[in-house]
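Q: I would like the atomic coordinates for the input below:
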Amino acid sequence: MDKLTPKAVIFDLGSTLIEYETLGWSELSIKCIISTRKFLLEKRYDVPDEDQYIEIFERIKHRYRNKALKTLVEWTIPQVAKEVLAALDMKKADDQLIADFFGAYYLPVKEQLYVYDDTIDTLEKIHRTIPITGLVSNTIFPEQTHLDELKRFEVTGYLDFKLFSSTFGLRKPHKDIFVKAANLAGFAPAECVYVGDRYIEDIEGPSSVGMPAILKVKEGRDYPKEMPLAMRRIHTLSELEEHINLE
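A: Just a heads-up that it's a prediction; the model follows:
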């Protein structure tokens, strides 16, 4: 295949630029929930035993998650937190309590993050030769959480714009989030390239608006058997040079 010559390269975040899945999300989610229970106990709130508490949290979370899968309208952990606290008869939970509750939830995630070895070098090369570099990420976490991470890992300066589903309101593969990304880049979708690690969200999503896409294959990820053989694929970010003209 000939190399692409885009005017903008747009990246996914998790498992593309920064690794979030040192633990699987199912296992990590339980650690996060237990962390919030510990936080409430330290604040001297009356909470159920661990199994009951996890069941309440998971029941509310799954309702939000299942609705989002059908509608592609994003949900967030703070929304779930508000309902969990209400279910525990903490109906007057203020914004600060919800923010602190979320901080406790996110702590196990924060502790396991790391940036890939080739992230900065690749972003530097792309930012030097491609007019616009951006980010579009599905997330159930508040935008500021990720902005802090990007700053922590010294990624911020390489991204001209950042678009998070928790702020935008819709999640990939919804067409509107990719149209918005192209608008932020200032180019037509066909003049952009999207790079991400999930087939439906990161390949079918941008392709639906005519935006070329490259799959960053993640080891252990289940991919559909019907994926096109001719689809562009990489295993590391540094391999983007094989698909994008950076001269």
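Q: Buried residues of stretch 199-208, list them for me.
A: 199, 201-203, 205-207 (16 or more other C-beta atoms under 10 Å). To be clear about C-beta, it is placed using only N, CA and C from the backbone, and glycine gets the same treatment.
Q: Figure out how far it is from the centre of its chain.
A: Distance, stretch centre to chain centre, for stretch 199-208: 14 Å (C-alpha atoms, centre = their mean, to the nearest Å).
Q: follow-up on the earlier one: out of the buried residues of stretch 199-208, who's nearest Val84?
A: Ranked by distance to Val84 (C-beta to C-beta), those are led by Glu201 at 26.8 Å.
Q: That closest one contacts Thr139, doesn't it?
A: No: between Glu201 and Thr139 there is no contact under C-beta atoms under 8 Å: 11.8 Å.
Q: where does Leu97 sit relative to Tyr158, distance-wise?
A: 36 Å (C-beta to C-beta, to the nearest Å).
Q: Please apply the same query to Ala230.
A: On the measure of C-beta to C-beta, Ala230 and Tyr158 end up 29 Å apart.
Q: okay, those two: which has more neighbours?
A: Higher neighbour count among Ala230 and Tyr158: Tyr158, with 21 against 7, using other C-beta atoms under 10 Å.
Q: How far does the longest helix belonging to the chain sit from its chain's centre?
A: Assignment by DSSP state H gives helix 50-71 as the longest helix of the chain. Computed by C-alpha atoms, centre = their mean, the chain-centroid distance of helix 50-71 equals 19 Å.
Q: And stretch 166-174, by the same measure?
A: 10 Å.
Q: Just the endpoints, please. Distance across it?
A: Chord length of stretch 166-174, first to last residue, is 13 Å (C-alpha to C-alpha, to the nearest Å).
Q: Let me see the mean pLDDT of it.
A: Averaging pLDDT along stretch 166-174 yields 98.
Q: again, but for stretch 79-95
A: 88.
Q: Just the buried positions in that stretch, please.
A: For stretch 79-95, by 16+ other C-beta under 10 Å, it's 79-85, 88, 90, 93.
Q: Which parts of the protein are strands?
A: In the chain, the segments counted as strands under DSSP state E are 8-11, 18-19, 114-115, 132-137, 161-164, 192-196, 213-216, 233-234.
Q: Tell me which other helices or strands the third one touches.
A: Here strand 114-115 is seen to pack against strand 18-19 when contacts are counted using 3 or more C-beta pairs under 8 Å, 6 or more residues apart in numbering; DSSP states H and E.
Q: low pLDDT regions in this structure?
A: 91 (pLDDT under 70).
Q: That one - how does it break down into domains?
A: What automatic domain parsing lists as the domains of the chain is 8-19+113-242, 25-112.
Q: As a markdown table, the ones you listed with distance to Met1 would be great.
A: Formatted as a markdown table, the domains of the chain follow (distance: least, C-beta to C-beta, whole Å):
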| stretch | distance to Met1 |
| --- | --- |
| domain 8-19+113-242 | 7 |
| domain 25-112 | 30 |
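Q: and among those, the most buried is which?
A: Most buried of the domains of the chain, by mean neighbour count (mean count of other C-beta atoms under 10 Å): domain 8-19+113-242, with a mean of 18.
Q: Run the chain-centre distance for that one.
A: In terms of C-alpha atoms, centre = their mean, the centre of domain 8-19+113-242 is found 9 Å from the chain centre.
Q: Stretch 237-247 spans what distance, first to last residue?
A: 17 Å.
Q: List the contacts of the closest residue to Leu13 other than its chain neighbours.
A: Nearest non-adjacent residue to Leu13, counting by C-beta to C-beta, 6 or more residues apart in numbering: Ser137, 3.8 Å away. By C-beta atoms under 8 Å, 6 or more residues apart in numbering, Ser137 lies in contact with 12-14, 146, 162-165.
Q: before we move on, what about Gly103?
A: Gly103 touches Phe39, counting by C-beta under 8 Å, 6+ apart.
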